[in-house]
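In: kindly return the folded structure for what I paste below:
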Amino acid sequence: MNDTQPRHFLSLLDLSSQELTDLIDRAIELKRMTHASEIHAPLKQKNLGMVFEKSSTRTRISFEVGMTQLGGHALFLSPRDTQLGRGEPIEDSARVMSRMVDIIMIRTFEQEKLERFAEYSQVPVINALTDLYHPCQLLADMQTYVEHRGSIQGKTVAWIGDGNNMCHSYINAARQFDFQLSIACPEGYDPDNQILTAAGDRCRVTRDPMAAAKAADLVVTDVWASMGQEEEQQQREKAFSDFKVDEAMMAIANPDALFMHCLPAHRGEEVSAAVIDAPDSVVWDEAENRLHSQKALLEFLLLSKQK
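Out: Numbering: from 1, shown residues only. Model prediction:
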């Protein structure tokens, strides 16, 4: 292990705008190589520790497969497999784990827990989702937009729904990738004011989802009740009833507007089946791109200092 301070990826703000742009370009190249069955294994003998305190489909598969494709190994640790949350201080877990693996990915609830872990880790730490942010998903989303439409700089993005961790990451993306973000959410479900304020005039909040979607280049939504909010489902269904992304909403966006959803989706709730299952839907490219963008991230965090 080296004594230099590692680079972490706890939010999109941990990388510069140029680094993020380069990362997207690299992800597109890695995708091409994967589809061409080119062997690229720069992470031989490297080990990724994957700590999951929240369940996952896309995150686990994409990190585990990505690490294998890069020649390394991924170690899956569920809450039952570790002392995290069972009495051992976060600081001690970080000190121990980071002496044994080369990079650590954590999917948990509190951002503060992730930040404390990173503070005491000798190796890079990746935010694979917290209640505050989901930056890895934004890498995939930005890669998908670039593949289909080119640079997102100067474009307009509409976020429809809850001011949640995905919304917060889109706010940070508006700052880092230089686009305008219109956020439509019901009263009481606004994004964190501090995160919103830091983005300045790049973001605006409205109660009218159609107004947010008008002339948008990209329309994005998420489930109305995220993990841990299931008991609020009925209350949220009522609050969000006017916030479904359907064909009428997509029709007032730009003619070539894309629709994205981080999945899993509830067809008929936050998005209509017609929108998500359309022949030109990019949500499946978006899901696949978790693999390629995270491979680019793993490369960046583990190898950039050696270049």
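
In: export the helix or strand Leu138 falls within as PDB, just CAs?
Out: Taking DSSP states H and E as the definition, one finds Leu138 inside helix 135-149. Provided in PDB are the C-alpha atoms of helix 135-149 (Å, rounded to 0.1, in the frame of the first residue of the first chain):
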ATOM      1  CA  PRO A 135     -22.900   9.200  -8.400                       C
ATOM      2  CA  CYS A 136     -22.100   6.000 -10.200                       C
ATOM      3  CA  GLN A 137     -25.500   6.000 -11.800                       C
ATOM      4  CA  LEU A 138     -24.800   9.500 -13.100                       C
ATOM      5  CA  LEU A 139     -21.600   8.300 -14.800                       C
ATOM      6  CA  ALA A 140     -23.700   5.700 -16.700                       C
ATOM      7  CA  ASP A 141     -26.400   8.300 -17.500                       C
ATOM      8  CA  MET A 142     -23.900  10.800 -18.900                       C
ATOM      9  CA  GLN A 143     -22.200   8.100 -20.900                       C
ATOM     10  CA  THR A 144     -25.600   7.100 -22.400                       C
ATOM     11  CA  TYR A 145     -26.400  10.700 -23.300                       C
ATOM     12  CA  VAL A 146     -23.100  11.200 -25.000                       C
ATOM     13  CA  GLU A 147     -23.400   8.000 -27.000                       C
ATOM     14  CA  HIS A 148     -26.800   8.900 -28.300                       C
ATOM     15  CA  ARG A 149     -26.700  12.700 -28.600                       C
END
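
In: where do the strands sit along the protein?
Out: Secondary structure of the chain (DSSP state E): strands at 47-52, 73-77, 103-107, 125-127, 156-160, 180-184, 203-206, 218-221, 258-261.

In: by contact count, what packs against the second one?
Out: Looking back up the chat, that one is strand 73-77. strand 47-52, helix 58-69 (3 or more CB pairs under 8 Å, 6 or more residues apart in numbering; DSSP states H and E). Every residue, glycine included, has its C-beta placed from N, CA and C.

In: mind putting these into CSV with mean pLDDT?
Out: Below are the helices and strands packed on strand 73-77 laid out as CSV (pLDDT from 0 to 100):
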stretch, mean pLDDT
strand 47-52, 96
helix 58-69, 97
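
In: point out where the stretch 1-150 of the chain drops to low pLDDT.
Out: Residue ranges of the stretch 1-150 of the chain with pLDDT under 70: 1-3, 83-86.

In: again, only this time at 50
Out: The stretch 1-150 of the chain contains residues with pLDDT under 50 at 1-2.

In: residues contacting the residue most central in space within the chain?
Out: The centroid of the chain falls nearest to Gln137 when counting by CA atoms, centre = their mean (2.1 Å). Neighbouring residues of Gln137 by CB atoms under 8 Å, 6 or more residues apart in numbering: 129, 166, 169, 262, 290.

In: how far away is it from Glu237?
Out: According to CB to CB, to the nearest Å, Gln137 and Glu237 sit 24 Å apart.

In: now, of the contacts of Gln137, which are buried?
Out: With burial judged by 16 or more other CB atoms under 10 Å, the buried subset of the contacts of Gln137 is 129, 166, 169, 262, 290.

In: what is the nearest of the residues you listed to Ser281?
Out: Nearest to Ser281 out of the buried ones among the contacts of Gln137 is Cys262 (CB to CB; 13.7 Å).

In: ok so, going back, of the contacts of Gln137, closest to Asp190?
Out: In terms of CB to CB, no member of the contacts of Gln137 lies closer to Asp190 than Met166, at 14.0 Å.

In: next, the buried residues of the longest helix seen in the chain.
Out: For the chain, the helix that runs over the most residues, judged by DSSP state H, is helix 283-303. Buried residues in helix 283-303, counted by 16+ other CB under 10 Å: 283, 285-302.

In: and what of stretch 177-184?
Out: Using 16+ other CB under 10 Å as the test for burial, stretch 177-184 gives 177, 179-184.

In: do the same with stretch 209-223
Out: For stretch 209-223, a neighbour-count test (16+ other CB under 10 Å) marks 209, 212-213, 216-223 as buried.

In: just the closest of the residues you listed to Lys31, please.
Out: Leu218 (19.6 Å).

In: for the closest residue to the closest one other than its chain neighbours, give the beta-bridge partners.
Out: Counting by CB to CB, 6 or more residues apart in numbering, the nearest residue to Leu218 once its immediate chain neighbours are dropped is Val157, at 4.6 Å. Applying DSSP bridges to Val157 gives these bridge partners: Leu181, Leu218.

In: neighbours of Val157, how many?
Out: 27 (other CB atoms under 10 Å).

In: quick check: pLDDT value at it.
Out: pLDDT, Val157: 98.

In: got it, and the one 10 residues further on?
Out: In this prediction, Cys167 carries a pLDDT score of 98.

In: surely it meets Ala184?
Out: No: assessed by CB atoms under 8 Å, Cys167 is found out of contact with Ala184, at 10.2 Å.
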